[in-house]
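Participant: Whatever this is, show me its structure:
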Amino acid sequence: MAQPPILSWEGLGLQQGGRWLFQDLDIHIGPRDRIALIGRNGAGKTTLFKLIDDRIEPDKGLRKVKPGTRIVLLEQEPDLSGHATLMDWALAGEHPPAVHEVEAIAGQLGIDMSRGTQGASGGERRRAAIARALAQDPDLLLMDEPTNHLDLAAIDWLEDWLSRYKGAFVVISHDRTFLKRLTTTTLWLDRGSMRRKEVGFGGYEAWEEQVYAEEARNAERLDAKLKIEAHWLERGVTARRKRNQGRLEKLWQMRAKRASMLGPQGTAKLQLAVEEDFKSKSVIVADDVSKSFGDRRIIRNLNLRIQRGDRIGVVGANGTGKTTLLKLLTGDMAPDSGTVTIAKTLTGVMIDQQRSLMSPDKTVRQVLAEGGDWIDVGDGRKHVQGYLKEFLFDPSIVDAKVGTLSGGERSRLLLAREFARKSNLLVLDEPTNDLDLETLDLLQEVIADYDGTVLIVSHDRDFLDRTVTMTLGLDGSGKVDVVAGGYEDWAARRREAAAPAAKSAAKAETAAPPPPPPPPRAAKLSYKDQRDYELLPARIEELERAIAKGEDILSDPDLYTRDPQRFATISQGVANARAEKEAAEERWLELAELVES
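Facilitator: Got it, this is the predicted structure:
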């Protein structure tokens, strides 16, 4: 490590329930570290965060912290009780942040901090927690599942903030895309010990496979019991990953076939050669469906055919109508115009993000098998303890209360219960919340092997890319983009659609007059908001001049041949200026609406 650590634990150990949860851990965190903390549910990741933050006492170990280091923990489930509003909670504590800093970050995240804590949704609570944590200007930021309940726009904002963050962070997350984009070091908490590798999450899976393969080779030299464990490791990790590669190849083939059935406008209108076969397999058909709430159009002129076996992903920012679309497609809500036809044989199972079917007082056996020893799975029967093993549980928990399980274990138990039910339509609303990476791999397997149709609402980009054959993207205008493939395919379609519009807008804006001067200061704006409101018009003009100058240079037809490096540099500069200008204009318009309201 180039610089001395700002925090370290040496020989760290903690007991739980009479056994060591982990021991002899050595942890060193440098001033600019970007660390992914990886481990199965129950390995002790959240507990380790509390030890780093000095919230609980270990059984052994020495903690060293550089004087003046500010450590902030972004908890997965913060306790908001005793506080009337989100702002009251954000300003509580030993070192409360400044009000204007909280307001500035909350404004960018789109959360009203005056909202009461009692009625706040999971997404609002998560945004408030992020605003509170970031406003404290930490030297070390500990983030426990920071993307849970966030929509794609908020995740993008957080990724951008962290990419510019000057301190160190350690993150627990199931969001593979988030981890790959941000981390450069991996801490792997595995069976009570800690491994560290100076590689981001992008290299973790290859490292994990290498470690398990080496353990398997070593175990073959030992007794039969260890040989069994080595066999489990090899089959449970390496072999599963190989099977998933085969499933991904099959998924790509399904996407290619689905793409051939989509018309050029992205609606599911078929080529004549496959039309009759496609119609015969259709289970949900939406014809020119529209839905509004008051003056707001949520869904506009949707035409869609969903076939047996389709895996449909639904994406979009919070409030764009994802839940409304699901309700329309499953018959829980009637459209204002158009028709939704659902096959009479369709039998659905809904797994919602609130996990409302789980009662903390019930035992695992009662949840799965109504107190018995056997569970009906599809057309067959399985022993409840054997079925638990398929979902990565220790069979001995069969009589444990649901309330004693971790959030991830409860989510996994709910999946086990619902996948056992006989159905041909599965609706998953944010299924990846609280799941560890190994359980996500298992969930991908189960979805791939499911015989029916699957509708998935998720903000987990990697999960969608690994599971769905078609994506329905909502932008809030009422239009539903229908794209063969996963999240990245939808995002690429949006970039392609935005490019010509951005080019035309840039030309028009170059000749446009500067925005009018701002009106007098409004009391409702924070200090930072008022500064942005006053200074952004000048910045927008400055960016317009830079864009025009860059475009003028790029208009030289011989520039690329003469100096390709300069051409690339100026092109990137113009692209960056356009992006900054667009963001500045959006920010100024938001503030103008506040002033005028």
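Participant: pLDDT score for Ala153?
Facilitator: Looking at Ala153, its pLDDT reads 87.
Participant: in the stretch 451-597 of the chain, which spans are helices?
Facilitator: 461-467, 487-511, 527-554, 559-562, 564-596 (DSSP state H, counting those that start in this stretch).
Participant: Minimum distance to Val99: which of those has it?
Facilitator: In this view, these are compared for proximity to Val99 by CB to CB, and helix 527-554 is the closest at 9.4 Å. In this view, the C-beta of every residue, glycine as well, is placed from N, C-alpha and C.
Participant: mind checking how far the closest one is from the chain centre?
Facilitator: A distance of 32 Å separates the C-alpha centroid of helix 527-554 from that of its chain, computed with CA atoms, centre = their mean, to the nearest Å.
Participant: same check, this time on stretch 121-129
Facilitator: Between the mean C-alpha point of stretch 121-129 and the mean C-alpha point of its chain there is a distance of 14 Å (CA atoms, centre = their mean).
Participant: buried set for it?
Facilitator: Taking 16 or more other CB atoms under 10 Å as the neighbour-count basis, stretch 121-129 is seen to contain the buried residues Gly123, Glu124, Arg125, Arg126, Arg127, Ala128, Ala129.
Participant: Just give the number of residues close to Gln3.
Facilitator: Gln3 has 9 neighbours, counted by other CB atoms under 10 Å.
Participant: my guess is it contacts Pro31, does it?
Facilitator: Yes: with the criterion set as CB atoms under 8 Å, Gln3 and Pro31 qualify as a contacting pair; they are 5.5 Å apart.
Participant: any idea how far the residue nearest to the spatial centre of the chain is from Ile540?
Facilitator: The chain has Asp460 as the residue nearest its centroid, 3.6 Å off, counting by CA atoms, centre = their mean. With distances defined as CB to CB, to the nearest Å, the gap from Asp460 to Ile540 amounts to 35 Å.
Participant: Likewise for Arg191?
Facilitator: Taking CB to CB as the criterion, Arg191 is separated from Ile540 by 55 Å.
Participant: Looking at these two, which has the bigger crowd around it?
Facilitator: Taking other CB under 10 Å, Arg191 and Ile540 do not tie; Ile540 has more neighbours (20 against 8).
Participant: ok, the closest residue to the more buried one other than its chain neighbours - contacts?
Facilitator: Setting aside the residues directly before and after it, Ile540 is nearest to Ala584 in space (CB to CB, 6 or more residues apart in numbering), at 5.2 Å. Shown here is Ala584, whose contacts under the criterion CB atoms under 8 Å, 6 or more residues apart in numbering are Leu536, Arg539, Ile540, Leu543.
Participant: In ChimeraX, how would I select the buried members of these?
Facilitator: For the buried members of the contacts of Ala584, the matching ChimeraX selection, counting by 16+ other CB under 10 Å, is:
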select :536,540,543
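Participant: Pick the one among the contacts of Ala584 closest to Glu57.
Facilitator: Here the nearest of the contacts of Ala584 to Glu57, counting by CB to CB, is Leu536; it sits at 49.3 Å.
Participant: Go ahead and confirm the closest one touches Glu586.
Facilitator: No: counting by CB under 8 Å, Leu536 stays clear of Glu586, with 10.1 Å between them.
Participant: right, and out of the buried residues of stretch 121-129, which lies closest to Leu346?
Facilitator: Using CB to CB, Gly123 comes nearest to Leu346 of the buried residues of stretch 121-129, at 29.8 Å.
Participant: Tell me who's in contact with the closest one.
Facilitator: Listed by CB under 8 Å, 6+ apart, the contact partners of Gly123 are His149, Leu150, Asp151, Ala154, Asn318.
Participant: So which of those are in helices?
Facilitator: Taking DSSP state H as the definition of helices, the contacts of Gly123 contribute Ala154.
Participant: roughly how far apart are Pro431 and Ser526?
Facilitator: Taking CB to CB as the measure, Pro431 falls 37 Å from Ser526.
Participant: Could you measure from the residue lying closest to Glu488 once chain neighbours are set aside over to Glu438?
Facilitator: Taking CB to CB, 6+ apart, and ignoring the residues beside it in sequence, Glu488 has Asp465 as its nearest neighbour in space, at 5.6 Å. Here the criterion is CB to CB. By it, Asp465 lies 18 Å from Glu438.
Participant: quick one on the thing from earlier: and which of the buried residues of stretch 121-129 is nearest to Ile284?
Facilitator: Minimum distance to Ile284 across the buried residues of stretch 121-129 is 27.2 Å, recorded for Gly123 (CB to CB).
Participant: What pLDDT is listed against the closest one?
Facilitator: Here the pLDDT value assigned to Gly123 is 84.
Participant: Domains of the protein: list them as residue ranges, please.
Facilitator: Using automatic domain parsing, the domain parsing of the chain gives 7-212, 260-492, 513-596.
Participant: For those domains, could you give me CSV that also reports distance to Trp252?
Facilitator: CSV is the format used below for these (distance: least, CB to CB, whole Å):
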stretch, distance to Trp252
domain 7-212, 18
domain 260-492, 9
domain 513-596, 31
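Participant: rank the ones you listed by pLDDT, which is bottom?
Facilitator: Averaging pLDDT over each of the domains of the chain singles out domain 513-596 as the lowest, with a mean of 70.
Participant: isn't His459 right up against Asp429?
Facilitator: No: if you go by CB under 8 Å, His459 and Asp429 don't touch, sitting 11.1 Å apart.
Participant: Neighbour count: the two, which is higher?
Facilitator: Neighbours per residue (other CB under 10 Å) separate His459 from Asp429, with His459 holding more: 26 against 18.
Participant: on that earlier part again, Leu405 versus the residue nearest to Glu488, what's the distance?
Facilitator: 29 Å.
Participant: again, but for Arg495
Facilitator: The span separating Arg495 from Leu405 equals 42 Å under the rule CB to CB.
Participant: Counting neighbours, go ahead and name the busier of those two.
Facilitator: A direct count of neighbours by other CB under 10 Å for Arg495 and Leu405 places Leu405 higher, at 20 against 10.
Participant: show me what contacts Asp33?
Facilitator: Contacts here follow CB under 8 Å, 6+ apart; on that basis Asp33 touches Ala168, Phe169, Val170, Thr184, Thr185.
Participant: Secondary structure element holding the second one?
Facilitator: Think Phe169. Under DSSP states H and E, the secondary-structure element containing Phe169 is strand 168-172.
Participant: Return the backbone torsion pair for Thr177.
Facilitator: For Thr177, the backbone dihedrals are phi -60, psi -40 (criterion: degrees, to the nearest 10).
Participant: Quick check: chain neighbours aside, which residue is closest to Glu159?
Facilitator: Take Glu159 and drop its neighbours on the chain: the residue closest to it by CB to CB, 6+ apart is Arg181, 5.8 Å away.
Participant: Distance of the one you found relative to Arg196?
Facilitator: Taking CB to CB as the measure, Arg181 and Arg196 are separated by 20 Å.
Participant: Repeat that for Arg255.
Facilitator: If you go by CB to CB, the gap between Arg255 and Arg196 works out to 38 Å.
Participant: What segments of the stretch 1-150 of the chain are helices?
Facilitator: If you assign secondary structure with DSSP H, counting those that start in this stretch, the helices in the stretch 1-150 of the chain sit at 45-52, 86-90, 99-109, 122-135.
Participant: Any chance of these in CSV with distance to Ala548 as columns?
Facilitator: Compiled in CSV, the helices of the stretch 1-150 of the chain are given as follows (distance: least, CB to CB, whole Å):
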stretch, distance to Ala548
helix 45-52, 49
helix 86-90, 42
helix 99-109, 28
helix 122-135, 35
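Participant: I'd like to know which of those lies nearest to Tyr204.
Facilitator: Taking CB to CB, helix 45-52 is the member of those nearest to Tyr204, at 14.2 Å.
Participant: For the closest one, name the packing helices and strands.
Facilitator: For helix 45-52, the elements it packs on are strand 7-16, strand 19-29, strand 34-38, strand 71-74, strand 140-144, strand 168-172, judged by 3 or more CB pairs under 8 Å, 6 or more residues apart in numbering; DSSP states H and E.
Participant: I'd like those strands written out as JSON lines, with mean neighbour count added.
Facilitator: JSON lines is the format used below for the helices and strands packed on helix 45-52 (neighbours: other CB atoms under 10 Å):
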{"stretch": "strand 7-16", "mean neighbour count": "17"}
{"stretch": "strand 19-29", "mean neighbour count": "17"}
{"stretch": "strand 34-38", "mean neighbour count": "24"}
{"stretch": "strand 71-74", "mean neighbour count": "22"}
{"stretch": "strand 140-144", "mean neighbour count": "23"}
{"stretch": "strand 168-172", "mean neighbour count": "23"}
